[in-house]
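A.B. asks: Need the 3D shape of this:
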Amino acid sequence: MEEDLQQTIAGGRLRWYRTWIENGREVATEDGVELPPPELRRRLLDRDGTWELFVPGAKPAVVAHILAPLLELDRRAIVTLLRQRPGVAYVGTNHEVEWLHRALTVAGIASEKRRAENTVTGQP
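C.D. replies: Residues are numbered from 1 along each chain as shown. Model (predicted):
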């Protein structure tokens, strides 16, 4: 049985999908919103690479105020990452970083998405 694993952004929300295909037919689907389960997220990162959300010059507390509710994290975790890696607010999949980049853009905070090099993946 073949498996297809995807992430997308739809209606401003991060979504993930896992579909099982047998003999060219879809036999089962699992999906969800926001971050996928850790095992699936690891597979997406391994397959598609790691990305960073870079917020040059932004105040950590302001960035944390916007991102923490989306990621269901304590604001201090995001502030800690920004202090450890200046300018980097999040490290994750391409779609995760794009989703957060869009949220910051709506809030008027400049950010950019870039492929990460030599980083540990995961949430801040």
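A.B. asks: where do the helices sit along the chain?
C.D. replies: Per DSSP state H, the chain carries helices over the ranges 38-48, 60-71, 75-84, 94-106.
A.B. asks: Mind listing what's buried along the third one?
C.D. replies: Going by neighbour count (16 or more other CB atoms under 10 Å), the buried part of helix 75-84 is 75, 78-79, 81-82. Just so you know, the C-beta spots here come from the backbone N, C-alpha and C atoms, and that holds for glycine as well.
A.B. asks: what's the average pLDDT for that helix?
C.D. replies: Average pLDDT, helix 75-84: 87.
A.B. asks: Adjust the sequence numbering to begin at 185 for everything that follows.
C.D. replies: Right, with 185 as the first residue, what we last looked at is helix 259-268.
A.B. asks: same for that helix, what does it pack against?
C.D. replies: Packing partners of helix 259-268 (3 or more CB pairs under 8 Å, 6 or more residues apart in numbering; DSSP states H and E): helix 244-255, strand 272-276.
A.B. asks: For residue 210, find the nearest of the ones you listed.
C.D. replies: Among the helices and strands packed on helix 259-268, the nearest to residue 210 by CB to CB is strand 272-276 (27.3 Å).
A.B. asks: tell me the domain boundaries of the protein?
C.D. replies: Using automatic domain parsing, the domains assigned to the chain come out as 186-224, 232-299.
A.B. asks: Identify all contacting residues around stretch 203-222.
C.D. replies: Applying CB atoms under 8 Å, 6 or more residues apart in numbering, the external contacts of stretch 203-222 come out as 185-188, 191, 197-202, 225, 228, 254-256, 280, 307.
A.B. asks: Need the buried ones from these selected in ChimeraX.
C.D. replies: Selecting just the buried residues from the contacts of stretch 203-222 in ChimeraX takes one command, with 16+ other CB under 10 Å as the test:
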select :191,198,199,200,202,225,228,254,255,280,307
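A.B. asks: Is residue 188 bridged to anything, and to what?
C.D. replies: Going by DSSP bridges, residue 188 is paired in beta bridges with residue 203.
A.B. asks: Correction: the previous question concerned residue 214.
C.D. replies: Beta-bridge partners of residue 214, counted by DSSP bridges, are residue 202.
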